[in-house]
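Participant: predicted model, plus sequence, below.
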Amino acid sequence: MRAAGATAAGPRKNDVNVRVTNTALLLLLAALTFTGAYGIVWPLPGWMYEAHRVSGFAFIALLPWKIGIALRSLGRGFDRRFDRSLVVGVSLLLASAALAVLILGLAWAANVLPGWRLLGDTAISWHWMIALGLLPFLALHLWRRWPRPKARELISRRAALRYLGWGAAGLAGWGAIAWLARSRETPGARRTVTGSREQGSFAGNSFPVTNGYGEGRNPVDAAAWTFSLVGAVEKPIYLSYAAFLARPAREFAATLDCTTGWYSTQAWRGVPLAELLDEARLSPSASAIRFIAATGYAAEYPLDEAQTLFLATHVGGEVLDRWHGFPLRVVAPTRRGWQWVKWLTAVEVRAGPGAVAPARFNNLAFAADPLSATRFGLAHVPPLNSRL
C-alpha cells in the first residue's frame, strides 16, 4: 500500500514541477519578447536592456528542468496522430532555434566574435531575427501543450524558492557577462547600454551604412527632387533642394544606434521638423507624422515626438552622400536607426480621432539642450562646438 501510494504521488509531483517550470518559462519568454521588441524600436531607457539580459539568464537557469520535461515527452516518441507528431516536430524546431538565439545573444553580450557575420548580418541581428521568427511556432506549441497551471501550485513555498533561485541565477549571469564584456572591450569600440559598438563617430559620411538591397545605388537627382509637407496642415509646404538649403539651418550632435549592433555619434546640420510644422500650421486634428522616402519606405511617429526630430542635409560638415540618404534624411535620436528615414521626399501629417495638436511647438527641446553624449552613456564625447 505504501509503495503504491508513493508511486501514485510521484506523477502528481512531476506534473506540478512541469506546470511550475513551464509557467515560469512562459513569463520569462513574455518578458524577453517585450523588452526585446522594445529594444528594436527605442534605444532608451537603459533598464529595459538590462531587464532583457537578466531575464535571459534566468531563462537559461530553467533549462535543466525544461530539458528533463522535454526528454520525458520525447521518450513517448511519435505516433500515428498527426497533431501529436506535428507538435513534437514544432517543439524540436523551437528547441533548436531557441538554442541558436541563446548562443548568439551570449556571444554578442560577452563581446565574442564581434566581427562575425552570416549573409551580411551580425550575431545580434540573427539573435533578434530568429527570435521574432519563432513567435508563431511558440504560439502553436503553447496552444497544444499548455499544462493549465493551478494558482496554489504557483504560489507554494517550493515554487517561491525556485523563483528566488532562478532570479539569483539570472542576476549572477548578468553580472558575469557584463564583467566579461568589459574585460574584452577595446579603447576604440566602446559600447552603449544597447550593446552596440561605436563606429565612425564624428567622421562625416564615413560612418557605417545599413541599407536594404539596392538602396542608395541610384542617386537622387537634386534638380528634380522636391520636398513636401502635406496632410493635416493649413499651409502645405513644397521646397526644391536649393530652397531647402536656403532655410536657416541648425547643428547638433545625435547618436544613431543601429539594431545590427553599431552606433555612431555625428554632428548633423539641417532643419528642425517642429519649425516646418509651425510654419505649415497644424490642423487641430493632427495626431501623427509619416515620413516617406523616394524608395517608398515609410515610418510613422506620434506628433508629440516632433520636437525631437530633425531633417538633415549634412553630417560632419559634409553633404550627405547617396548611401546616407542624400538629399535629406530624418534624424530621430530617440529611435533606433532603421527609423531614420533616408532619401526623404515627403512628410505627411495625419489626422486622428480625438487628437488635439499644439498651436505651436516650444522652440524645440533639443535646441536649448542639445542631445548630449551623456544621455546615451557616451560621456567621452566632447561638446559639439569643439568638433565643428
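Facilitator: Okay, I see it.

Participant: hang on, residue 256 in a strand?
Facilitator: Yes: assessed by DSSP: H, G, I helix; E, B strand; the rest coil, residue 256 belongs to a strand.

Participant: nearest spatial neighbour of it, chain-adjacent residues omitted?
Facilitator: residue 337 (4.8 Å; Cβ to Cβ, 6 or more residues apart in numbering). For every residue, glycine as well, the C-beta is placed using N, CA and C.

Participant: how many neighbouring residues does that neighbour have?
Facilitator: Neighbours of residue 337 under the rule other Cβ atoms under 10 Å: 19.

Participant: isn't it up against residue 254?
Facilitator: No: contact criterion Cβ atoms under 8 Å: residue 337 and residue 254 do not qualify, at 10.9 Å.

Participant: need the phi and psi values for residue 221.
Facilitator: Backbone torsions of residue 221, given as degrees, to the nearest 10, read phi -80, psi 110.

Participant: give me the neighbour count for it.
Facilitator: Residue 221, neighbours per other Cβ under 10 Å, totals 10.

Participant: from residue 104, how far off is it?
Facilitator: 41 Å (Cβ to Cβ, to the nearest Å).

Participant: one more: residue 258?
Facilitator: 17 Å.

Participant: so where's the protein uncertain?
Facilitator: In the predicted model, the chain carries pLDDT under 70 at residues 1-16, 73-87, 145, 147, 149, 153, 187-189, 354-388.

Participant: list the residues that contact the closest residue to residue 227 other than its chain neighbours.
Facilitator: Setting aside the residues directly before and after it, residue 227 is nearest to residue 239 in space (Cβ to Cβ, 6+ apart), at 4.6 Å. Residues near residue 239 by Cβ atoms under 8 Å, 6 or more residues apart in numbering: 226, 227, 228, 247.

Participant: helix or strand for residue 239, which one?
Facilitator: Following DSSP states H and E, one finds residue 239 within strand 237-240.

Participant: for residue 178, the count of nearby residues, please.
Facilitator: 14.

Participant: and it, how far from residue 45?
Facilitator: On the measure of Cβ to Cβ, residue 178 and residue 45 end up 17 Å apart.

Participant: try residue 302
Facilitator: 18 Å.

Participant: before we move on, what about residue 269?
Facilitator: Distance from residue 269 to residue 45, by Cβ to Cβ: 28 Å.

Participant: look at the two and report which has more neighbours.
Facilitator: residue 269 (21 against 11).

Participant: got the contact list for the more buried one?
Facilitator: 249, 250, 251, 312, 313, 314, 315, 317.

Participant: repeat that with 10 Å
Facilitator: 249-252, 310, 312-320, 331, 388 (Cβ atoms under 10 Å, 6 or more residues apart in numbering).

Participant: how about the residue nearest to residue 339 when sequence neighbours are not counted: which residues does it bridge to?
Facilitator: Once flanking residues are discounted, residue 339 sits nearest to residue 299: 4.7 Å by Cβ to Cβ, 6+ apart. Beta-bridge partners of residue 299, counted by DSSP bridges, are residue 291.

Participant: pretty sure residue 299 sits against residue 329.
Facilitator: No: using Cβ atoms under 10 Å, residue 299 makes no contact with residue 329, being 11.3 Å away.

Participant: tell me what the nearest residue to residue 313 once chain neighbours are set aside is bridged to.
Facilitator: Leaving aside its chain neighbours, residue 313 sits nearest to residue 270 (4.9 Å; criterion: Cβ to Cβ, 6+ apart). Beta-bridge partners recorded for residue 270 (DSSP bridges): residue 250, residue 312.

Participant: measure the closest residue in space to residue 39 that isn't next to it in sequence to residue 42 for me?
Facilitator: What sits nearest to residue 39 in space, not counting adjacent residues and going by Cβ to Cβ, 6+ apart, is residue 49, at 5.8 Å. Separation of residue 49 from residue 42 (Cβ to Cβ): 10 Å.

Participant: and this protein, what are its domain boundaries?
Facilitator: 2-183, 197-386 (automatic domain parsing).

Participant: buried deepest among those, which one?
Facilitator: Greatest average neighbour count among the domains of the chain goes to domain 197-386 (a mean of 18), per mean count of other Cβ atoms under 10 Å.
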